[in-house]
Every structure is written in C-alpha cells, then in structure tokens.
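Asks: When you get a sec, could you give me coordinates for this:
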Amino acid sequence: MDRNLQKISDSLSQQPSMVINDVKTFQWIRLYHPEMLDKEGLGGGNILSVMGLFSVLNYFSKVYKILESGKLPRRQIPADISRSTESLYFVEDQAFLRLLKDCPVKLVDSDKDDDLRSIWNIFRNQLAHTAQIADGSQALVLIQDQTNIPRDILEKFIKNSPEKSFTKIGDKAFICFVDKLIADTLSIKDWIDDASRTKSSEDKIKLACDWIENNNISHPDDN
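Replies: Numbers count the residues shown, from 1 in each chain. Next up is the predicted model:
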C-alpha cells in the first residue's frame, strides 16, 4: 500500500505542476514587477489563473472522491442507467461539493450546496468552458449578475484582502480573490495527501491508483 500512497502523492504534486507554476508566474509579476503591467499593456493573469486553478481543483476533487467513496468519475451518468450501476460512479460537481464540505480549507463562508454549485457553475463551467466574462479586474475577478453591485466594490475588496477565496456579494454573484485561491489550492493538495494516508482504505487507495494510471497520469516510477 505504501507504493500506491506514494503514487497518489506524486500525482497530486506533478499532474497539476505546469498549471500551478504558470499561475505563480502571473502572481510573481504582479507582486514584484507591477510596473510591467502598464508598460507592456499586460493583464494580471487572473482570468487564466482561475481557469487553470479550477482544472487543478477538478482533478483534486476526483482523486479525493475516489478515496472517499470508492466510486469512479464519469462525465455524465445516463438517465436510463440501472440503480446498481449508478452507485459505482460520480460526476464532477458531486466531487467538488464533497471536497469542499470535507476539507478544512474553506474556500467560501458557506456550506450550502446551492452556493458551492454556483461557484462550480460560474468559475468552472461558464468561465472555463465558454469564457462568459461580465467584467474582469486585474486584482479580482467578478463574474456575472452584477446588477445593483456598487461600482467601488472591487476597490473595497482589494484593500481589505478577504479571508476567503470566494465572497458572495449577490444572489448568484461571487468575487474570487485569485491570490488566496492559489494558496488554498496548494493547501487542499496537502490535505488530500494526508487524508489518503489516514482515512482511506486499501481498496480505495488501489482504485485511485488504477484510475490515475488508466488516465495516463504520470508519476516518477513510470520513467
């Protein structure tokens, strides 16, 4: 089992490493060379960072859900699938909700399913899949449903540096504080790694390893 645990640990670090490193590049420029943004007419990288971070969270969610439930991911579960077969699978948003409910790293001050699904639908589905961007700030990302939101709200959140990665500011409107989300995503990775060693049974660990290998997700022993 130790070998399988190491494979999971390696995949959690290495599979999303290119995305994480690219996101940190945007962060580094904003922190240490902000003058380049104006000089070169650059954006802060927040839109692309959120899109990339949600691909990482999607992967982390799947690995955790396998370790937690012993089920496997499917993009869509057919309506006519048998009840016994349905119990073997989960879909992406179910994994995301399970991760956010169980993980002590709280991305938002809410455990309500509707709020967590709204974050998933806005930032994972609408932003990442269709790039429906109502407004983009180079310090924060504000997506959809901006009716009656004060114009100075972005400046307020920039100055106050919110404690959570996502702050609800309307019925279905959330602000994402990207730099906080970077740190939280890395903390979630560490928590899943620890949870795999302390909370998962041997058969679930083996199932997660098989899924990783079957999806051609590399780890050092493959080389």
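Asks: measure I8 to P16 for me?
Replies: 13 Å (C-beta to C-beta, to the nearest Å). No exception for glycine: its C-beta is placed from N, CA and C like everyone else's.
Asks: Spatially, what comes nearest to the spatially most central residue of the chain if we skip its sequence neighbours?
Replies: The centroid of the chain falls nearest to L57 when counting by C-alpha atoms, centre = their mean (2.5 Å). Among residues not flanking L57 along the chain, T185 sits closest, at 6.3 Å (C-beta to C-beta, 6 or more residues apart in numbering).
Asks: hang on, F174 in a helix?
Replies: No: assessed with DSSP: H, G, I helix; E, B strand; the rest coil, F174 is strand; it does not lie in a helix.
Asks: Renumber starting at 19 from here on
Replies: Let's use 19 as the start, then, which means that last one is F192.
Asks: Touching, it and W138? I think so.
Replies: No: in this structure, F192 is not within contact of W138 by C-beta atoms under 8 Å, at 10.7 Å.
Asks: By neighbour count, which bits of the longest helix seen in the chain are buried? Give me those.
Replies: Longest helix in the chain, counting residues (DSSP state H): helix 64-87. For helix 64-87, burial by neighbour count (16 or more other C-beta atoms under 10 Å) applies to 64-65, 67-72, 74-87.
Asks: For the chain, which residues score under the pLDDT cut-off?
Replies: Along the chain, segments meeting pLDDT under 70 span 19, 94-102, 104, 146-180, 234-241.
Asks: H51 and L66: what is the separation?
Replies: Separation of H51 from L66 (C-beta to C-beta) stands at 18 Å.
Asks: Counting neighbours, what do you get for the residue nearest to L75?
Replies: By the criterion of other C-beta atoms under 10 Å, T203 has 22 neighbours.
Asks: do the same with D202
Replies: When neighbours are counted by other C-beta under 10 Å, D202 registers 20.
Asks: ok, it touching V123?
Replies: Yes: counting by C-beta under 8 Å, D202 does reach V123; the two are 5.3 Å apart.
Asks: Tell me how far the residue sitting furthest away from the middle of the chain lies from L49.
Replies: Ranking residues of the chain by C-alpha distance from their mean position (C-alpha atoms, centre = their mean) puts K57 at the top, at 31.6 Å. As judged by C-beta to C-beta, K57 and L49 stand 16 Å apart.
Asks: Nice, that's everything, thank you.
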